[in-house]
Each structure stands twice: as structure tokens, then as C-alpha cells.
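Enquirer: Sequence and predicted structure, then a few things I'm wondering about:
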Amino acid sequence: MILMLAAAGCDVAFGPEPTATPTSAFPDLAPSPTIDIHPPTEIADDGPLFLEGVTNPTAAALPADSAFLPSMPTPDLSNRPILIETVLSSGVSVNGEVWLPGGRAPGVVLFGATFEQWAGFPSQLRQAGYSVVVFQWSRSITADDIAALVNAAALQPGVDPARVILIGAEAGADFALVACAGDSRCLGSVLLSPQSAENADAVMQAYNPRPILLAASEVDSASLRTANTLRQLATGSALLQPFDDAGRGTQILFNRPDMVTLILEFLATVTGTPR
């Protein structure tokens with residue numbers, strides 16, 4: 001996956017991996033033991049939202065020719081997403097889910113995986129007080145598409161457009177970094193197993209000095225090398241969290257739940273949201 005910017009055009013050579021511990025406001029996590037990689041747990045399907053009828057003893061006791069307007073329960077939308085559809089300039093439609101905590105809140109936009117692969121992570125973010133927008137991932141999505149999707153997410157009701165964080169997994173991490181670099185509304189990014197460091201100098205020059213949180217497994221040497229390169233080029237707060245073998249992309253969130261805790265700490269610090 002190639003990261004592109006208007007100013008891009010240079011190749012990045014990987015230097016020796018650093019041994020110094022990066023300065024960060026966030027705690028380091030211990031490397032994980034080698035574990036089996038399991039697919040992410042799917043969210044239980046509760047079915048579509050609907051209103052159920054109400055059996056009302058008061059109504060049942062009324063004469064047959066009487067009229068009664070029963071009260072109807074309001075469905076609980078607090079832990080279910082709102083479905084959206086974004087039509088790109090190419091005419092392609094991208095489905096999305098919006099998780100709202102109530103009121104306007106910092107926006108967190110997720111790229112690089114399907115709804116099923118993100119599993120319960122969007123709900124965790126919503127419960128922590130963030131407005132979350134998840135776009136269904138497709139290999140046909142381009143860097144230009146990501147910029148349009150970020151704009152669509154920032155315009156969603158309930159999202160504070162001045163406080164947006166992008167979280168990307170694998171190829172979505174590469175696109176999220178480029179999109180954040182080109183959008184002043186983006187305060188920072190979380191990259192899970194970034195894939196390519198090509199043109200990283202130009203990308204990070206546009207991105208800096210915004211904070212960045214990176215994670216990769218040591219057995220995924222290409223992603224770890226890319227993450228190391230991006231960390232070295234960062235001029236703001238940068239934390240690279242390596243794991244022995246926690247999988248790739250969204251798998252890290254489920255094989256190492258402490259990574260979710262680290263992400264929540266990062267989001268709270270960057271957006272100024274109390275925990």
C-alpha cells in the first residue's frame with residue numbers, strides 16, 4: 001500500500017531499529033507471550049430495532065366502544081449503531097455505523113476492517129464517551145476516498161468536528177495517517193500494524209507535531225519496521241507498543257485487551273476528555 005501526498009515522491013530507507021525508549025505521556029505495556037491468533041468475537045445480533053406492543057390492563061378494562069391511546073415504549077438506542085451510507089464522487093456507496101454517546105463528543109473514525117472485525121471495539125469507545133464512526137472496509141477504497149469519508153464523519157450529528165481522531169488497521173492505518181496529515185480537524189491517530197513507510201518523510205512532515213500511537217507484533221516484522229520508521233520521524237508525542245505475537249490489525253485489540261486501555265488513555269489525553 002503506497003502512501004501518497006502532494007509533496008510526496010521520496011523513498012524512505014529503513015535505518016537500524018532504535019534502542020532508546022520514546023518519550024511519552026502514556027504507560028508502556030509489557031510484550032505479550034506468544035499466543036494463538038483467534039478471530040475477533042462477533043457482536044451478538046439483536047436484530048433490527050422495533051417497537052413492541054404493550055399489554056395495558058387499563059385499556060383492557062375499558063368498554064368495547066371506548067377509545068384509548070396506549071403509551072408505547074421508546075427503543076433504547078444507546079448501545080446500537082445508526083446505519084449511514086456515504087456516496088463517493090466515484091458513485092461508489094460506502095456503508096457506515098455511527099455510535100453516539102449522547103450530545104456532541106469527540107469523534108473517533110475507524111478504517112481498515114469490517115464491522116465484524118471491529119466487533120465490540122466501537123461500543124467500548126462509545127461507552128467511554130466518544131462519537132464513533134465505522135466505515136465498512138473494502139480493498140477498492142482509495143486515499144482520496146478516505147479523505148471524503150473523514151469529512152462525512154466529521155459532519156455527523158453528535159461529532160465534534162474540531163476534535164477528531166483516526167484509528168486505522170493494516171492498510172487502513174496507512175490511509176488514516178495520510179488523511180490525518182491532510183486534515184486540520186484531525187488531532188492525532190492510532191495505527192495498528194501499519195503496512196508501508198514509503199514516502200513517510202513527506203507524510204510525517206505534514207502530520208507533525210500531532211501525537212501518534214502505534215502498535216505491531218514483533219513476528220510481523222514489516223509492520224514493526226514501518227511503525228519504527230514513523231516513530232522516528234514524529235516530532236510530537238509518539239508511542240510505539242510492540243508485542244511478541246498479538247496478531248495483526250484488529251486482532252491486537254482482542255488478543256491484548258490492555259491495548260484498548262492504552263488507546264483510551266491516548267484518546268483522553270489528546271482530546272482533553274475526562275475519564
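Expert: Yep, it's here. Numbers count the residues shown, from 1 in each chain.

Enquirer: Is Leu166 located within a strand, as I assumed?
Expert: Yes: if the criterion is DSSP: H, G, I helix; E, B strand; the rest coil, then Leu166 is within a strand.

Enquirer: where in the stretch 51-200 of the chain is pLDDT low?
Expert: Applying pLDDT under 70 to the stretch 51-200 of the chain flags the ranges 51-79.

Enquirer: List the buried residues of stretch 157-176.
Expert: Burial within stretch 157-176, assessed by neighbour count using 16 or more other Cβ atoms under 10 Å, is assigned to 158-160, 163-176. C-betas here are computed from N, CA, C, even on glycine.

Enquirer: go on, stretch 122-131?
Expert: Here stretch 122-131 shows 122-126, 128-131 as buried, counting by 16+ other Cβ under 10 Å.

Enquirer: Now, the residues you listed that are in helices?
Expert: Residues of these located in helices (DSSP state H): 122-126.

Enquirer: Export only the CA atoms of stretch 185-203, formatted as PDB.
Expert: Taking Å, rounded to 0.1, in the frame of the first residue of the first chain, the C-alpha atoms of stretch 185-203 are listed here in PDB:
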ATOM      1  CA  ARG A 185      -9.600  18.700  12.200                       C
ATOM      2  CA  CYS A 186      -7.600  15.500  13.000                       C
ATOM      3  CA  LEU A 187      -5.900  15.800  16.300                       C
ATOM      4  CA  GLY A 188      -4.000  12.500  16.100                       C
ATOM      5  CA  SER A 189      -4.100   8.900  15.000                       C
ATOM      6  CA  VAL A 190      -3.800   5.300  16.300                       C
ATOM      7  CA  LEU A 191      -2.200   2.900  13.800                       C
ATOM      8  CA  LEU A 192      -2.500  -0.900  14.300                       C
ATOM      9  CA  SER A 193       0.000  -2.800  12.100                       C
ATOM     10  CA  PRO A 194       0.800   0.000   9.600                       C
ATOM     11  CA  GLN A 195       1.900  -1.500   6.300                       C
ATOM     12  CA  SER A 196       4.100   0.900   4.300                       C
ATOM     13  CA  ALA A 197       6.600   3.600   5.200                       C
ATOM     14  CA  GLU A 198       7.100   4.700   1.600                       C
ATOM     15  CA  ASN A 199       7.000   8.500   1.300                       C
ATOM     16  CA  ALA A 200       7.000   8.600   5.100                       C
ATOM     17  CA  ASP A 201       9.200  11.700   5.300                       C
ATOM     18  CA  ALA A 202       6.600  13.800   3.300                       C
ATOM     19  CA  VAL A 203       3.700  12.300   5.200                       C
END
